[in-house]
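[1] Below is the sequence, then the predicted model.
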Amino acid sequence: MNDQPANLVTQSFAWLAALAAGLGITTQDMVYMIFGLLSVLISLASWLGGRLDAHRQHLEDQKRTRILQTLVDDLQTLNRAEQIEIIRVVSEVLKKAGN
């Protein structure tokens with residue numbers, strides 16, 4: 001017999017080949033399925049990450065809108081000079097936020 005020391009890679013491929021043979025498919029098909037599943041999991045994780053980012057951005061936009069609405073409501077109680085100054089400052093802040 002050809003006795004060689006078994007290492008982790010050899011054992012992994014031996015188990016993979018045994019599993020594929022037990023399922024009645026080739027080892028190559030088994031590897032394709034494993035990498036296909038891995039790509040589906042990566043795509044799903046990427047999609048979920050994008051959805052979470054979009055949700056966080058939506059909450060931030062809602063918060064910003066509430067702050068601006070409160071400011072606009074409070075402007076009505078101020079005199080004309082104060083209103084103009086606050087509108088100028090808010091306009092500058094919004095321009096900076098847009099960049």
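    Great, that's in hand.

[2] Give the burial count for Thr27, as a bare number.
    Residues near Thr27, counting by other C-beta atoms under 10 Å, number 14. (Each C-beta comes from the backbone N, C-alpha and C, glycine too.)

[3] Please report phi then psi for it.
    In terms of degrees, to the nearest 10, the main-chain angles of Thr27 are phi -60, psi -40.

[4] Per-residue confidence, it, what does it come out as?
    Note on Thr27: pLDDT of 89.

[5] residues touching it, list them.
    Residues in contact with Thr27 (C-beta atoms under 8 Å, 6 or more residues apart in numbering) are 13, 16-17, 20-21.

[6] between these, which has the most around it?
    Among these, the one with the most neighbours (other C-beta under 10 Å) is Ala20, at 17 neighbours.

[7] doesn't Tyr32 make contact with that one?
    No: with contact defined as C-beta atoms under 8 Å, Ala20 does not reach Tyr32; the gap is 10.7 Å.

[8] which residues of the protein score low on pLDDT?
    In the predicted model of the chain, residues 1-4, 99 satisfy pLDDT under 70.

[9] separation between the residue most central in space within it and Gln57?
    Nearest to the geometric centre of the chain sits Gly49, at 1.6 Å (C-alpha atoms, centre = their mean). Applying C-beta to C-beta, to the nearest Å, one obtains 13 Å for the distance of Gly49 from Gln57.

[10] between those two, what contacts are shared?
    Joint contacts of Gly49 and Gln57 (C-beta under 8 Å, 6+ apart) do not exist.

[11] count of residues packed around Ile25?
    Ile25: 13 neighbours (other C-beta under 10 Å).
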